[in-house]
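In: I would like to see how this sequence folds:
(one chain, ligands or ions: 1)
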Amino acid sequence: MQIAIDVNGRLGDAESASVPVLDRGFLFGEGVYETLRTYNQRPFLLDRHLARLRASAERIALEPPLDDPTFTARILATMQAVDGPGERSIRLLLTRGAGELGYGLANCPPPTVVVIVRPHAETPAGVVATGIGIVQSSVLRNHPQSLHPRIKSNNLLNNALAMQEALRAGAAEALMCNHRGELAECAQSNFFLVRDGAALTPPVEAGILEGVTRNFVFEVGASAGIPVREETLLPADLATADELFVTSTTREVLAVTRVDRRPVGDGRPGPVTRALSEAFRRLARQRCTS
Ligand SMILES: Cc1ncc(COP(=O)(O)O)c(C=O)c1O
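Out: Numbering: from 1, shown residues only. As a prediction, the model looks like this:
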């Protein structure tokens with residue numbers, strides 16, 4: 001199979017896999033998810049992704065129906081069904097399930113568990129070499145008293161609206177502020193700014209998703225001798241930044257070389273970003289041996 005999809009323990013392909021229309025994941029976006037990738041054909045930091053899935057689920061009062069070994073076995077079995085060599089992208093979704101057309105939690109059916117596995121598309125070397133452009137979005141990151149940014153929610157409309165702005169401007173990411181006007185994160189990735197040799201990123205309290213990649217970058221920095229720390233950042237800091245980069249499971253550590261079409265520094269990926277990006281890939285592969 002090109003894409004393998006497991007729905008509640010039933011394995012199928014992109015044509016045959018389906019979830020009921022009355023699933024509240026479809027009706028209300030009521031569910032949570034994780035995106036993982038493999039290195040050396042093994043899921044990277046699976047334990048941290050499962051822990052975040054459980055934390056997200058808890059915030060919406062959703063009880064995951066499987067324990068971690070069963071989640072793991074299901075992911076590995078779905079991976080096996082994808083043809084061909086190479087790395088895999090894995091999406092693990094958990095929704096409220098198919099019930100009545102209401103918000104009540106009583107008489108809820110068991111949650112729906114979906115695992116989608118497909119070949120992983122690496123960021124093209126040309127994009128790594130040039131970096132990406134981003135826009136400062138007019139869309140704010142969700143207020144923590146609305147859809148809390150720490151929930152990795154299937155309801156991605158806010159992110160989608162921010163990305164529409166970016167794509168209309170020919171950019172690859174949308175940088176959002178929080179309700180206080182501080183820089184928060186991008187629509188699909190966490191955000192870092194390099195100043196005086198140190199990589200700075202907004203604190204979790206700024207209202208962001210606590211990225212698994214972001215957190216791993218603290219460890220990468222420690223091993224590469226590059227200071228990485230949380231700091232409150234403002235839009236005005238963008239103009240004086242030495243370098244910018246984003247992090248995510250899919251993008252790893254990726255340089256941002258244009259903001260609103262203006263170059264960052266000399267318009268090329270800087271030395272701190274390049275060092276963190278290389279060290280990240282090395283350490284990620286190391287983790288996925290043995
Ligand atoms: C809003 C947002 N922030 C950050 C990230 C990066 O998270 P991770 O590094 O765990 O992939 C994502 C990934 O999808 C995201 O959607």
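In: Contacts (any at all) between the ligand and stretch 247-263?
Out: Yes - contact of stretch 247-263 with the ligand is found when judged by CB under 6 Å from any ligand atom, involving T247, S248, T249. Bear in mind the C-beta positions are built from the backbone N, C-alpha and C, glycine included.
In: quick one: which of the residues you listed sit in strands?
Out: T247, S248 (DSSP state E).
In: V220 and L276: what is the separation?
Out: Between V220 and L276 the distance is 6 Å, computed by CB to CB, to the nearest Å.
In: what residues do those two have in common as contacts?
Out: Counting by CB atoms under 8 Å, 6 or more residues apart in numbering, the shared contacts of V220 and L276 are I226, V228, V253.
In: wait, which of those is closest to L62?
Out: Out of the shared contacts of V220 and L276, the one with the shortest distance to L62 is V253. That distance is 31.6 Å, counting by CB to CB.
In: In a helix, that closest one, correct?
Out: No - for V253, which was evaluated using DSSP: H, G, I helix; E, B strand; the rest coil, the result is strand, with no helix membership.
In: If it is in a bridge, with which residues?
Out: With DSSP bridges applied, the residues forming beta bridges to V253 are T247.
In: Hmm, A275 and it touching each other?
Out: No - with contact defined as CB atoms under 8 Å, V253 does not reach A275; the gap is 9.4 Å.
In: Near the ligand, which residues of the stretch 101-250 of the chain are found?
Out: Within the stretch 101-250 of the chain, the residues that sit near the ligand (CB under 6 Å from any ligand atom) are 159, 185, 188-190, 209, 211-214, 247-249.
In: rewinding a little: tabulate the shared contacts of V220 and L276 (a markdown table), appending distance to V139.
Out: Converted to a markdown table, these look like this (distance: CB to CB, whole Å):
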| residue | distance to V139 |
| --- | --- |
| I226 | 31 |
| V228 | 27 |
| V253 | 24 |
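In: Make a PyMOL selection of the buried ones in those residues.
Out: Buried members of the shared contacts of V220 and L276, identified by 16 or more other CB atoms under 10 Å, are gathered into one PyMOL selection as follows:
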select buried, resi 226+228+253
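In: CSV for the shared contacts of V220 and L276, including distance to A51 and pLDDT?
Out: As requested, the shared contacts of V220 and L276 are arranged in CSV below (distance: CB to CB, whole Å; pLDDT from 0 to 100):
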residue, distance to A51, pLDDT
I226, 26, 98
V228, 21, 98
V253, 22, 98
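In: Give me the contact list for stretch 45-59.
Out: Stretch 45-59 has contacts (CB under 8 Å, 6+ apart) with 32-34, 36, 43, 63-64, 68, 71-72, 75, 92, 94, 148, 150-153, 210, 212, 215-216, 287.
In: so the residue in the stretch 1-150 of the chain that the ligand sits nearest to, which of the three states?
Out: Closest to the ligand within the stretch 1-150 of the chain is T35: 5.4 Å, counting by CB to the nearest ligand atom. Using three-state DSSP, the secondary structure recorded for T35 is strand.
In: Return the residues in contact with it.
Out: Neighbour list for T35: S89, I90, R91, S248, T249, T250 [criterion: CB under 8 Å, 6+ apart].
In: got a winner among the residues you listed for most neighbours?
Out: Across the contacts of T35, the neighbour count under other CB atoms under 10 Å reaches its highest value at I90, namely 25 neighbours.
In: Run through the residues that contact that residue.
Out: The neighbours of I90, taking CB under 8 Å, 6+ apart as the test, are E34, T35, L36, R37, T38, P43, I75, T78, M79, V115, I116, V117.
In: could you measure it against R118, distance?
Out: Distance of I90 to R118, computed by CB to CB: 8 Å.
In: Check which helices and strands the helix or strand where F26 lies is in contact with.
Out: F26 belongs to helix 24-28 when assigned by DSSP states H and E. Of the remaining helices and strands, those touching helix 24-28 by 3 or more CB pairs under 8 Å, 6 or more residues apart in numbering; DSSP states H and E are strand 88-95.
In: C-alpha coordinates for the strand it packs on, PDB please?
Out: Coordinates of each C-alpha in strand 88-95 appear next as PDB, following Å, rounded to 0.1, in the frame of the first residue of the first chain:
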ATOM      1  CA  ARG A  88       7.600   7.100   7.200                       C
ATOM      2  CA  SER A  89       5.300   9.800   8.400                       C
ATOM      3  CA  ILE A  90       2.700   8.700  11.000                       C
ATOM      4  CA  ARG A  91      -0.400  10.500  12.100                       C
ATOM      5  CA  LEU A  92      -2.200   9.100  15.100                       C
ATOM      6  CA  LEU A  93      -5.700  10.500  15.700                       C
ATOM      7  CA  LEU A  94      -8.100  10.000  18.600                       C
ATOM      8  CA  THR A  95     -11.700  11.300  18.400                       C
END
